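Visitor: Turn this into a structure:
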Amino acid sequence: MNKILQYGALAGAAALLLAGCASAADPGSAPAAESSDAPAPVAGPRLAVAYEGGVTVFGGDDLAELGDFDSEEFIRLNAAGDGRHVMVTTSKGFQLLDARAPELTELLVPAAAAGHVVSHADKTVLYDDATSDTTVFDSAALAASEGELPEAEVIPGDTAHHGVSVELEDGTLLTTVGTEAGRTGIRVLDANRDEIASNDQCPGVHGEGTAQGEAVVFGCEDGVLLVKDGEITKLDAPDEFGRSGNAYVSESSPLVVMDYKTDPDAEGYLLRDLALVDTAAGTLETVALPDGVEYTYRGVGRGPAEEAVLIGTDGKLHSIDPATGEITSSLQVVDPWEGPAEWQDPHPSVKVAGDRAYVTDPADSEIVVVDLTTGEIAQTVALDHVPNEIAVIG
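Guide: Below is the predicted model of the structure:
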């Protein structure tokens with residue numbers, strides 16, 4: 001078992017458990033064949049699709065099914081940012097799915113309440129809501145790991161809460177603060193893990209996104225926190241209650257698109273407004289989508305031209321100008337749908353990798369692949385199960 005570097009007291013923090021062995025693989029490619037009779041490695045993207053009780057991996061240009069693995073009734077999927085793995089969130093922690101092999105390995109980062117997965121600056125950052133501890137892996141080391149996890153740094157949190165952390169290129173760590181009773185803001189820790197800045201003016205802080213120049217945004221119930229060039233700025237929402245909780249970013253654009261909600265008592269999970277943040281100008285504006293177009297937190301991504309792409313309840317994939325919120329084009333990809341009864345329930349969602357958008361269609365148990373360059377449907381993949389969350393490795 002590799003040593004895990006720890007800063008400060010680690011009361012209640014679990015060591016990383018290593019059980020089992022992942023298949024050998026060169027990062028970004030399929031494992032080498034063990035004999036001349038073995039099938040040739042499959043090149044191309046990987047798509048992991050979660051369903052009730054398992055996860056299926058598809059790959060290659062035709063997205064043929066490569067493997068199907070049993071798991072828990074409800075799991076979440078996040079690309080690890082290393083070009084090889086998907087973090088499968090289970091009740092025991094973050095389990096590594098080698099999407100290149102493919103294999104659902106027995107490698108596990110234990111967490112009593114596994115939460116956000118963030119990849120940035122060649123680091124893969126995991127957050128445990130039960131302890132507020134942050135675990136940081138070098139993404140390249142994670143990709144090259146064979147049979148055991150690489151060394152990781154564990155940064156203890158203060159008080160347990162549903163939070164998130166991100167590490168910047170110079171080693172600075174941004175992490176949320178709060179308690180089970182409420183979340184209030186963020187702390188900034190330098191590379192030595194000493195606190196150098198903080199802000200407690202972000203009620204209900206949730207989510208993060210890193211834009212061009214490592215400008216980082218966090219959502220609040222009354223606006224957004226912007227961390228840029230070592231300074232924390234609060235961007236107030238135009239409404240008394242104006243909650244943003246998820247940021248849809250491109251690291252080559254200063255413009256951030258965020259979800260936006262104005263009614264704290266609204267029933268259901270559908271939203272119809274967007275928040276637009278210009279991290280260069282330090283501004284926040286909101287825009288309402290057209291009548292009949294609503295979405296959920298799973299329904300937005302960023303395309304190859306920095307555009308936002310949104311799967312609406314009208315069944316159309318909309319391209320949106322992130323500067324104005326204007327819909328510039330729309331493509332019918334699934335039938336119109338209604339919002340989920342619970343946030344975990346399957347409903348249309350979108351992930352973008354390169355110039356392709358992958359849209360789940362739970363009603364027909366399909367994945368619809370859209371070429372964002374041509375604006376046309378490139379492929380439809382039939383599934384054996386109703387899809388829930390997805391993760392894509394390009």
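Visitor: Tell me who's in contact with H116.
Guide: Taking Cβ atoms under 8 Å, 6 or more residues apart in numbering as the definition of contact, the neighbours of H116 are L126, Y127, G163, V164, S165, G207, E208. Placement of C-beta: from N, CA and C, glycine included.
Visitor: Against A181, how distant is the third one?
Guide: If I follow you right, that is G163. Here the distance between G163 and A181 works out to 14 Å (Cβ to Cβ, to the nearest Å).
Visitor: residue nearest the centroid of the protein?
Guide: With the centre of the chain defined as its mean C-alpha position, the nearest residue by Cα atoms, centre = their mean is N78, 5.4 Å away.
Visitor: related to what we said a few turns ago, between the contacts of H116, which is closest to D384?
Guide: Lowest distance from D384 to those (Cβ to Cβ) belongs to L126, with 30.0 Å.
Visitor: Now the two most distant members of the contacts of H116.
Guide: Spatial extent of those (Cβ to Cβ) is set by the pair L126 and G207 at 15.3 Å.
Visitor: which one of those two has more residues nearby?
Guide: Counted by other Cβ atoms under 10 Å, L126 and G207 do not tie: L126 has more neighbours, with 26 against 22.
Visitor: what helix or strand is the more buried one on?
Guide: strand 123-128 (DSSP states H and E).
Visitor: now R183
Guide: Per DSSP H and E, R183 falls inside strand 182-189.
Visitor: mind checking the backbone torsions on the nearest residue to A305 once chain neighbours are set aside?
Guide: Spatially, and ignoring its direct neighbours in sequence, A305 is nearest to L372 (7.8 Å; Cβ to Cβ, 6 or more residues apart in numbering). Backbone torsions of L372, given as degrees, to the nearest 10, read phi -70, psi -10.
Visitor: got the contact list for L372?
Guide: By Cβ under 8 Å, 6+ apart, the contact list for L372 reads G303, P304, A305, E307, V309, S319, V352, D355, R356, A357.
Visitor: how about the helices in the stretch 1-150 of the chain?
Guide: Applying DSSP state H, counting those that start in this stretch to the stretch 1-150 of the chain gives helices spanning 139-144.
Visitor: Does the residue nearest to the centre of the chain touch A391 like I think?
Guide: Yes: with contacts defined as Cβ atoms under 8 Å, N78 counts as touching A391 at a distance of 5.9 Å.
Visitor: Please identify every residue contacting each of those two.
Guide: Here N78 and A391 share the contacting residues V86, scored by Cβ under 8 Å, 6+ apart.
Visitor: What strands flank the strand holding R183, and is each parallel or antiparallel?
Guide: strand 173-179 (antiparallel), strand 195-199 (antiparallel) (DSSP bridges).
Visitor: just those strands: most buried one?
Guide: Using mean count of other Cβ atoms under 10 Å, the stretch among those with the greatest mean number of neighbours is strand 173-179 (a mean of 22).
Visitor: mind checking how far the residue nearest to A305 is from D82?
Guide: With distances defined as Cβ to Cβ, the gap from L372 to D82 amounts to 24 Å.
Visitor: picking that back up, give me the buried entries from the contacts of H116.
Guide: A residue is treated as buried here by neighbour count (16 or more other Cβ atoms under 10 Å); on that basis the buried members of the contacts of H116 are L126, Y127, G163, V164, S165, G207, E208.
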